[in-house]
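Participant: The sequence isn't on hand, but the structure is:
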């Protein structure tokens, strides 16, 4: 097994919120990138976006990631794979509607890699803290040893009556487990290392193609409605909490996951710090007073954070210890919103 510091990298789901930033990072570092999209029209914007990199970027169509052999052609002649493509929606009736495609998609690309990806030396799976966190009364600090058994259990016991968030969280947990199980089952045949990244809620400026803020990915849609649209009550702004990380820091982590030998076979949690939405409202309002203020009198020091994560292991292995601040990320998010016409001209 070996690190991958050059060559061609396959990125599945390259046209998504995270995929576009990961591709940009790798292209800037000299890699060639092949990205999968579900239809040819999805690649038009990307080819223009990465036009400065010449022929270093190419796309290939994979209409259904769950089909056997879907990635057989895509994995050929690449040195590494970053698997980002995964189903995401909050409309599943039966949990299997989202769990099965997530697991099947992961198994499909791994099987294609095993069979046809003869040059692949590192496989990076982008999982999530969804596969780590549980809603527990004591609010522990989660780490890479933690697994979300709670959502799996809730889906198994409640079936169609399970909460939508449990159905999604279970899909992330089970698809990541499928990757580890696949590697263990085929360890005598595999010629590549598996690295799993588990980022917290990813926020940051918009690089991918999206015409309407209501069509943003879930994390950025939550940001927009909470910070710009003012759709949260004072209570919700202070009560809804999680941990976050800037999308560019996550892109950096993906590059480092290819380049660090110590990352081989590791599960790495990528998180900056916890938040309540009022903190993001404060940061945005301080930079543009025309934006909602929420409850400026809220005492942030009294916020209760249920989702806290240790990033010590990732810092040690990847060597990345500095994350962007809410203020930095807010500035750049607002710039990208304005570029898309989603905000008025800023006021002082």
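Facilitator: Noted; the coordinates are in hand. What you see is a predicted model; the values in this text were computed from it and never measured. Numbers count the residues shown, from 1 in each chain.

Participant: And the strands in this protein?
Facilitator: 8-12, 32-37, 57-61, 80-83, 122-126, 141-142, 193-199, 201-203, 241-246, 267-270, 273-276, 308-309 (DSSP state E).

Participant: Can you say which of the ones you listed is packed in most?
Facilitator: The highest average neighbour count among these, using mean count of other C-beta atoms under 10 Å, belongs to strand 80-83 at a mean of 28. Bear in mind the C-beta positions are built from the backbone N, C-alpha and C, glycine included.

Participant: Note down every partner strand of that strand and its orientation.
Facilitator: strand 8-12 (parallel), strand 122-126 (parallel) (DSSP bridges).

Participant: For stretch 329-345, what is the distance to the chain centroid?
Facilitator: 21 Å (C-alpha atoms, centre = their mean, to the nearest Å).

Participant: actually stretch 112-122, sorry about that
Facilitator: That offset, for stretch 112-122, works out to 23 Å (C-alpha atoms, centre = their mean).

Participant: ends of that stretch, how far apart?
Facilitator: In stretch 112-122, first residue to last residue: 14 Å (C-alpha to C-alpha, to the nearest Å).

Participant: Buried residues in that stretch, which are they?
Facilitator: The neighbour-count check on stretch 112-122 (16 or more other C-beta atoms under 10 Å) flags 112-114, 116-117, 119-122 as buried.

Participant: what's in contact with that stretch?
Facilitator: 1-4, 7, 69-81, 123, 186, 189-193, 195, 257-258, 264 (C-beta atoms under 8 Å, 6 or more residues apart in numbering).

Participant: hang on, the earlier thing: so which of the strands paired with strand 80-83 comes closest to residue 101?
Facilitator: When these are compared by C-beta to C-beta, strand 8-12 sits nearest residue 101, at 13.3 Å.

Participant: picking that back up, need the buried residues of stretch 112-122 in JSON lines (columns: distance to residue 180 and pLDDT).
Facilitator: Listed next are those as JSON lines, based on distance: C-beta to C-beta, whole Å; pLDDT from 0 to 100:
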{"residue": "112", "distance to residue 180": "18", "pLDDT": "97"}
{"residue": "113", "distance to residue 180": "15", "pLDDT": "98"}
{"residue": "114", "distance to residue 180": "14", "pLDDT": "98"}
{"residue": "116", "distance to residue 180": "21", "pLDDT": "98"}
{"residue": "117", "distance to residue 180": "18", "pLDDT": "97"}
{"residue": "119", "distance to residue 180": "23", "pLDDT": "97"}
{"residue": "120", "distance to residue 180": "17", "pLDDT": "98"}
{"residue": "121", "distance to residue 180": "18", "pLDDT": "97"}
{"residue": "122", "distance to residue 180": "15", "pLDDT": "98"}
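
Participant: Return the member of those residues nearest to residue 40.
Facilitator: residue 112 (20.2 Å).

Participant: Leaving aside the residues adjacent along the chain, what's closest to the closest one?
Facilitator: residue 71 (3.7 Å; C-beta to C-beta, 6 or more residues apart in numbering).

Participant: ok, now residue 241?
Facilitator: In this structure, residue 241 finds its nearest non-sequential neighbour in residue 276, 4.7 Å apart by C-beta to C-beta, 6+ apart.

Participant: Can you tell me how far the one you found is from residue 268?
Facilitator: 26 Å (C-beta to C-beta, to the nearest Å).

Participant: What of residue 51?
Facilitator: Applying C-beta to C-beta, the value for residue 51 to residue 268 is 32 Å.

Participant: Tell me where the model's unsure across the stretch 201-348 of the chain.
Facilitator: The stretch 201-348 of the chain contains residues with pLDDT under 70 at 321, 344-348.

Participant: If we use 80, what do you get?
Facilitator: 320-321, 344-348 (pLDDT under 80).

Participant: Repeat that for the stretch 1-150 of the chain.
Facilitator: 1, 87-92.
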